[in-house]
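>>> Okay, sequence plus prediction incoming.
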Amino acid sequence: MESKPNQRKVFQNGSKQNGSTCDVRVTYLFLWLSLLAGCLIAFIVGRTTRIQILKNPQSNQFAFTTFFREAKDRDDNIILPHPVVTTGMDPYKTGYFSENFDTSRSASIISRFIEPEDEGTCKSSASAGASLHAQSSACLHPDMEEEKAEYEQTGQHLLVDIVNVDTPFLDSKERLSVAMLDLLKQCGQTLLSYHCHDLQPNGVSCAGVLMKGHISFHTWPSKGVITLDLYISGPDTLLPFVSVVKTLFAVPSLKADGQPRMVWSHKFRGFSEDINEEVAERSDFFRFPIGMMTDYKEQVVSAVTDFQQVDIYDVIRPKFQTLEAYEKSMLNDGSYESEHPRLFEPDRIVFLDGILQSRRSGDAAYHESLVHPGMIAHPNPKRVAIIGGGEGATLREVLKHKTLETVVMVEIDKQMVDLSMKHLPFWSDCSAITGNVSNCFDDPRVDAYYEDAFKWFIDRFSGDGIVEEERFDVIIMDALDPQVQVDIVEALYDGGPFLSSLPKGLRDDGILIAQVGEAPRTEAPAEDYSWHRNRVKFIKTLIDTGFESIRDYEEFIVAFKDFQSRAGWFMDEAMVDVQIHQRIFPTEKGESSLKYFDGATMLSYRFPSKTSERVFCLRESKSGMCNETKSASTSLEGQQLVVARLRGIRGESSTTVNVSVVDTDDVQPTRENVLRQHFSGENTYNPLAERHPLLYPNAIPLRKQI
């Protein structure tokens, strides 16, 4: 019986001789259905696995454990917390990408993903990405629009190292993770996910992705060390959270010799005009100490007054101090450090809006240089005004003068004065001066006005009706540096009504003293093209408003209202020392109350510096005195020569100075002739003319320009 062709079967077993051959024929429909069924089964298995592993990480723990720690972790019941979205927070839409490499050094790897507090507001959608898997999700507030704010390209970076930390704490994933989530909660940040490796033989490394940044830490339990870094996008500073990091992660060790010690720094990151301007304005503060990993820095106070940000820090200066010496100074072991602890204490630094204003290590040197050269040059300063100087140190130096009857201090920020008296008591300490009260602000000679100095001077010394008795012998400006690029500084040095009121507020022989920030460096460009432009603008304004002579000495200038009144500036070294002895209150022990200023110091201030000459010639290149080809003798040939010869006559409380004028043309010198000779016909401050050898017999010879 034969089979039909499509049903024929032939069975073959062994050789053809036995006829056991089977031939099976199937239809194309059967083949296609089998292939489709296999693909469908593979798709369902893959899709289910992907959903379980990637799409719902918050309900399915995404952990990889090696065989020798898997059972141990289950037995120990280690439960790491999940990051949680705080109600009302609006995360960005994010994608999750992950790829795992060889982790043979890791005893275990654990990841945690974000869990919204309100499950009903979380929406997710899957998307593919290159060779990696991606998940896009967003937990949205019901009332908010889907469009999010732009992710900022700048931010703040906090770097922290801590030593002498508890070993069990550093080897515990659970405790470290809880501390990390606590820190981020207090920072107000949302953690999207974090990933931890438990390393062999010990140690933990974790990295977390924030909604606007990242956090990571690494531990070395056997060494008691943890390093942590936190980056957050945006303008909000991380400085308030330095103490939070110390509280959460600096866990004391029961076995370590000392307490945990933390070293940290804070930096701006990214590129933005806004951030760069803020860094420039606060450059002192963020350069040092905040931007450096110094051995020791502690915040004394950080406060915002009605007018400015005040930051005071205690800092070990790396080039001049060591932490070891400071720690020895606090012991009672008979060492040199312990017997002289004040020599090794940290420097206390004051910043106003990020600009360094004063420091304990330079307090006396700075304020003595600001106050005493000008006041000693005045024959009898009785009435003095201070503009600014809220920390009290300028006031302290003024009160050392016996001739003083009244000092008026005009400071706009009363809160700054209060902070200074609390945290900087040595700045306004007058207890060591004979006959003075303990706090300088309590001296009966002091009249303090807590108001705008601009308005105070303009109201009293503009227009008609100026009361002669209210004018001052000396005015001291201890205000913001002209290099600071803020509106208030521009207004201070722009030549407006405030600066015009200053010469009117001085008596005929009055002197103006001002600090003008950092002195230009030798390699600096002309002031008009640098941050010193306000400095030269200020000097030009003083000339325009009527000051007849100006001297610059490093960070300061002194302006004389009358040309002849500057004669006291040229007293010789011995006469300055005599004046200090006669006019400055000694200490209770009978010693000089001045630590740095003396006749030799005053001698160094007598003439402008070489740097002043060079920077002037870069700005005023057409000035005749900047011409290298002309010598001092030929440049003034045939012109009237004025020689001021100073002869100090010792008096009871002041120095009388006689000025003799030698006129080669037998022409009586007038003020105009002297000024023309002094300024070389230019309405500008010319440091070369101030140093010219033919003007003063003891002047430094004119040097060849570089």
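Received the coordinates, thanks.

>>> just for the stretch 501-650 of the chain, where's the confidence low?
531, 622-625, 627-650 (pLDDT under 70).

>>> Now with 80, please.
Residue ranges of the stretch 501-650 of the chain with pLDDT under 80: 517-524, 526-534, 619-650.

>>> Tell me where it has strands.
506-515, 549-553, 556-560, 645-650 (DSSP state E, counting those that start in this stretch).

>>> which other helices and strands contact the third one?
Counting contacts by 3 or more CB pairs under 8 Å, 6 or more residues apart in numbering; DSSP states H and E, strand 556-560 packs against helix 363-377, strand 506-515, helix 533-544, strand 549-553. The way it works is simple: take the backbone N, C-alpha and C, and place the C-beta from them, glycine included.

>>> For the protein, give me the ranges with low pLDDT.
In the chain, residues with pLDDT under 80: 1-26, 49-152, 254-257, 272-283, 434-436, 463-465, 479-495, 517-524, 526-534, 619-706.

>>> Next up, the contacts around Arg533.
Glu527 (CB atoms under 8 Å, 6 or more residues apart in numbering).

>>> roughly how far apart are it and Val578?
The spacing between Arg533 and Val578, counted by CB to CB, to the nearest Å, is 40 Å.

>>> Please apply the same query to Met292.
Distance from Met292 to Val578, by CB to CB: 45 Å.

>>> got it, and Arg342?
For Arg342, the distance to Val578 equals 31 Å [CB to CB].

>>> Show me which of the two is the more surrounded one.
Val578 (17 against 7; other CB atoms under 10 Å).

>>> Contacts only, for the spatially closest residue to Phe597 that is not a sequence neighbour.
Spatial nearest neighbour of Phe597, excluding adjacent residues (CB to CB, 6 or more residues apart in numbering): Glu368 at 4.2 Å. With contacts defined as CB under 8 Å, 6+ apart, the neighbours of Glu368 are 397, 594-597.

>>> at 10 Å instead, please
By CB atoms under 10 Å, 6 or more residues apart in numbering, the contact set of Glu368 is 393, 396-397, 400, 593-598, 601.

>>> what does Ser243 give?
262, 298-299.

>>> Just the buried residues out of those, in PyMOL syntax.
Buried members of those, defined by 16 or more other CB atoms under 10 Å, are picked up in PyMOL with:
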select buried, resi 262
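
>>> ends of stretch 199-212, how far apart?
End-to-end span of stretch 199-212 (CA to CA, to the nearest Å): 28 Å.

>>> which residues in the stretch 251-400 of the chain form helices?
Assigned by DSSP state H, counting those that start in this stretch, the helices in the stretch 251-400 of the chain fall at 273-281, 283-287, 323-329, 336-339, 363-377, 393-398.

>>> count of residues packed around Leu33?
For Leu33, the neighbour count with other CB under 10 Å is 11.

>>> Same question for Leu199.
19.

>>> Hmm, it is touching His218, no?
Yes. With contact defined as CB atoms under 10 Å, Leu199 reaches His218; the gap is 9.0 Å.

>>> For these two, list the residues in contact with both.
By CB under 10 Å, 6+ apart, the residues touching both Leu199 and His218 are Ser205.

>>> Who are the contact partners of the residue nearest to Lys267 when sequence neighbours are not counted?
Excluding the flanking residues, the one nearest Lys267 by CB to CB, 6+ apart is His157, at 4.7 Å. Contacts for His157 (CB under 10 Å, 6+ apart) come out as 213-214, 229-232, 238, 265-270.

>>> Could you list which of those belong to strands?
Judged by DSSP state E, those include 213-214, 229-232, 265-270 as members of strands.

>>> and the residues you listed, which are buried?
213-214, 229-232, 265-268.

>>> will you turn those residues into a markdown table that also has distance to Pro252?
Below are those laid out as a markdown table (distance: CB to CB, whole Å):
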| residue | distance to Pro252 |
| --- | --- |
| Gly213 | 29 |
| His214 | 28 |
| Asp229 | 23 |
| Leu230 | 22 |
| Tyr231 | 28 |
| Ile232 | 28 |
| Ser265 | 23 |
| His266 | 24 |
| Lys267 | 28 |
| Phe268 | 32 |
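
>>> Go through those residues and name the one nearest Leu40.
His214 (41.9 Å; CB to CB).

>>> got the end-to-end distance for stretch 292-309?
End-to-end for stretch 292-309, by CA to CA: 21 Å.

>>> Turn the contacts of Ser243 into a markdown table, including distance to His378.
Below are the contacts of Ser243 laid out as a markdown table (distance: CB to CB, whole Å):
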| residue | distance to His378 |
| --- | --- |
| Met262 | 50 |
| Glu298 | 42 |
| Gln299 | 41 |
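
>>> that older thread, adding distance to Pro425 and neighbour count as columns, could you present the contacts of Glu368 in JSON lines?
As requested, the contacts of Glu368 are exported to JSON lines (distance: CB to CB, whole Å; neighbours: other CB atoms under 10 Å):
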{"residue": "Ala393", "distance to Pro425": "11", "neighbour count": "27"}
{"residue": "Arg396", "distance to Pro425": "11", "neighbour count": "28"}
{"residue": "Glu397", "distance to Pro425": "16", "neighbour count": "27"}
{"residue": "Lys400", "distance to Pro425": "18", "neighbour count": "24"}
{"residue": "Ser593", "distance to Pro425": "17", "neighbour count": "22"}
{"residue": "Leu594", "distance to Pro425": "20", "neighbour count": "19"}
{"residue": "Lys595", "distance to Pro425": "18", "neighbour count": "10"}
{"residue": "Tyr596", "distance to Pro425": "21", "neighbour count": "13"}
{"residue": "Phe597", "distance to Pro425": "23", "neighbour count": "24"}
{"residue": "Asp598", "distance to Pro425": "27", "neighbour count": "16"}
{"residue": "Thr601", "distance to Pro425": "27", "neighbour count": "18"}
